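In: okay, sequence plus prediction incoming.
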Amino acid sequence: YLRRVREAVVSTQSTGEAADSKKFYTMEELLDKTVEGSKVRYFAFLLLFLLSQGTSAMMCYLPVFAGYIPYSQWECKSDKCFSLLLNHTGDNTTFFSRTTMCSNNLLADEDFVWTPTHSSFAVDWGIYCDTETQKSSINSFYFVGAFVGLVGSSTLFDVFGRKKVTLVGGFTAVVSTLGMAFAQDLWTMIGLRIVQGLGVLISVTGRFVWIMEFTPLPNRNIAAALCGVTWPMGTAVLILVAYIVNSWRTVVFIISGICFCLHCQLLFVPESARFFAQKRRNDEALKILNKMARFYNNPPLPENCLQLEAEEQRNEDSLAKKLRDFLRFPVMLRRTLVLIVCWFLVSLFYYGLGFGWHKMSKNIYASQGFGSLSEVLASISCFAFIRTIGRKKTQMLAFSGIGVCFGLAMINVKLSDSWQLSQIACLIAIVFIAMEFISIYLYTAELSPTSHRGMILSVCSSSARIGSFAGPYISHLFDYVDRRVVLGTFGGVAVLAALMTGLMLQDTTGLDIPESPGDLQGKHKIQDKEGDQEC
């Protein structure tokens, strides 16, 4: 009798093990299985992948150095200029400035000659004083191209895949950057900047979706932080090259070569397994996951473990179907609208101050380097806050911090001969703005279902490009409107964004990435006719 009982128990255990061997796994579980026990190799792959993210910063801020206006590097040529110099009461360093040049309408090659240590297309093409807004146009039209590219590619990521669209966008940006080295006038440069912006923002968005879909849940926070760190790393490379090389055309040529090499490594990275799973091409998805498992020295995954996912998801891939889903699932529509507003505001703040770092100091390399350092600090802070208080509270904290800093900047308090409270407050605001820029990428990716993630990120990034376009012109508002009005408005909308986040968005900390709009309520089960079955 005891022997029969023992045999029955063994038979039950073996049956359970057999059933477990045929278990259907979620994508999160499969990703965990591919990288488990290989954290060092995984983070090495992640860092190499994200190095290409730094190319976006190089191409974005390239005109800051290639088109720098050396207002302190010129000498008098005409009697008018020498007369002003003789009547000047201060030292020569205060005379040779933008104020002297522009307030007295001094003309290049007639009243003065440039004596820059590094060449600049602004000097070559006569961009200074009254025509300085033309340089702002070069920066702003970059985001016109970005907007057009993101709107046009909003469904391409979900139709053709993350890899193909990202590579096309990246190499388009590289070719246009190389063309900038041969530009002979302002309008050629603007046209190339439009194409460059189109390619850069497509590749940035696709790259982030691509890498996040390769990243297991416990590592997404670290991946987002690395994305934030690689951006100032790219800026640091640009600063170093621009400092060493005197010719702006050579700088552009070198940067385009670096960007080309970093984009080439993406050719060896496989397509997102989640994309193939959404297309019901589970064999290809498992092939990629098994390739990753071999790379991380892990055993192969069970066959057909994604079969249930394919049978349950019968979604159409048409654009009309995806748009109707926003009406069928109001929670997805509400979240997307809130995220659109948040993306617009953070880009308005970020690029409004980002293109103005060179105005904080006469040394453009030191001031831009200081800006990059603040972004590194923001990446570390973002990682720490997301890890401790979660995604939602981090976004609320960042927007609230921006609002408080802009509010403090409205107060006229002189701290020393060279520093005021408004300057210190804006420097602190940069940290909060950069922190929000990092967190919102991760937060949006986790709030969006895989079936619509490419579209939602493209639409949100498109709204951000509108704010980015307006950003470089923000400094001109202070010439026409009291700065307290501008700062108060920006601070108020930042606090409003924090409230919208708290009331209308869900915290995604610790939750699986939703695969379809039906998963947005936090469900972790797939419904079938016989009841609930574990995914």
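Out: Arrived safely, thanks for sending.
In: can you list phi and psi of Glu75 for me?
Out: phi -130, psi 150 (degrees, to the nearest 10).
In: give me the mean pLDDT for the helix or strand harbouring Phe344.
Out: Phe344 belongs to helix 330-354 when assigned by DSSP states H and E. Helix 330-354 comes out with an average pLDDT of 85.
In: avg pLDDT for the helix or strand that it is followed by?
Out: Using DSSP H and E, the helix or strand that directly follows helix 330-354 along the chain is helix 364-389. Averaged across helix 364-389, the pLDDT comes to 79.
In: helix 364-389 to helix 330-354, inter-axis angle?
Out: Taking axes from the mean of the first three to the mean of the last three C-alpha atoms, to 10 degrees, one finds helix 364-389 and helix 330-354 inclined to each other by 150 degrees.
In: then the next helix or strand after helix 364-389 to PDB, C-alphas only?
Out: Going down the chain from helix 364-389, the next helix or strand is helix 391-409, by DSSP H and E. Presented in PDB, the C-alpha positions along helix 391-409 are these (Å, rounded to 0.1, in the frame of the first residue of the first chain):
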ATOM      1  CA  ARG A 391       8.500  56.700 -12.000                       C
ATOM      2  CA  LYS A 392       5.400  58.700 -11.200                       C
ATOM      3  CA  LYS A 393       6.700  60.500  -8.200                       C
ATOM      4  CA  THR A 394      10.000  61.200  -9.900                       C
ATOM      5  CA  GLN A 395       8.200  63.000 -12.800                       C
ATOM      6  CA  MET A 396       6.100  65.000 -10.300                       C
ATOM      7  CA  LEU A 397       9.300  65.900  -8.300                       C
ATOM      8  CA  ALA A 398      11.100  67.100 -11.500                       C
ATOM      9  CA  PHE A 399       8.300  69.300 -12.700                       C
ATOM     10  CA  SER A 400       7.700  70.700  -9.200                       C
ATOM     11  CA  GLY A 401      11.400  71.400  -8.900                       C
ATOM     12  CA  ILE A 402      11.400  73.300 -12.200                       C
ATOM     13  CA  GLY A 403       8.400  75.400 -11.100                       C
ATOM     14  CA  VAL A 404      10.100  76.300  -7.800                       C
ATOM     15  CA  CYS A 405      13.400  77.200  -9.400                       C
ATOM     16  CA  PHE A 406      11.700  79.400 -12.000                       C
ATOM     17  CA  GLY A 407       9.700  81.000  -9.100                       C
ATOM     18  CA  LEU A 408      12.900  81.800  -7.200                       C
ATOM     19  CA  ALA A 409      14.500  83.200 -10.400                       C
END
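In: buried residues in the helix or strand that Leu289 is a member of, which are they?
Out: Per DSSP H and E, Leu289 falls inside helix 282-295. For helix 282-295, the neighbour count (16 or more other C-beta atoms under 10 Å) marks 282, 285-286, 288-290, 292-293 as buried. Glycine gets a C-beta too; all of them are placed from N, C-alpha and C.
In: do stretch 120-132 as well
Out: Along stretch 120-132, these residues count as buried under the neighbour rule (16+ other C-beta under 10 Å): 120-123, 125, 127-129.
In: what mean pLDDT does that stretch get?
Out: Here the average pLDDT along stretch 120-132 is 89.
In: quick check: the residue lying closest to Val144 once chain neighbours are set aside vs Phe469, distance?
Out: Nearest non-adjacent residue to Val144, counting by C-beta to C-beta, 6 or more residues apart in numbering: Ile194, 5.7 Å away. Relative to Phe469, Ile194 is positioned 11 Å away (C-beta to C-beta, to the nearest Å).
In: mutual contacts of those two, please.
Out: 141, 144 (C-beta atoms under 8 Å, 6 or more residues apart in numbering).
In: how close does Leu226 get to Leu496?
Out: Leu226 is 31 Å from Leu496, by C-beta to C-beta.
In: of those two, which one has the most company?
Out: Neighbours were counted for Leu226 and for Leu496 using other C-beta atoms under 10 Å; Leu226 has more, 22 against 14.
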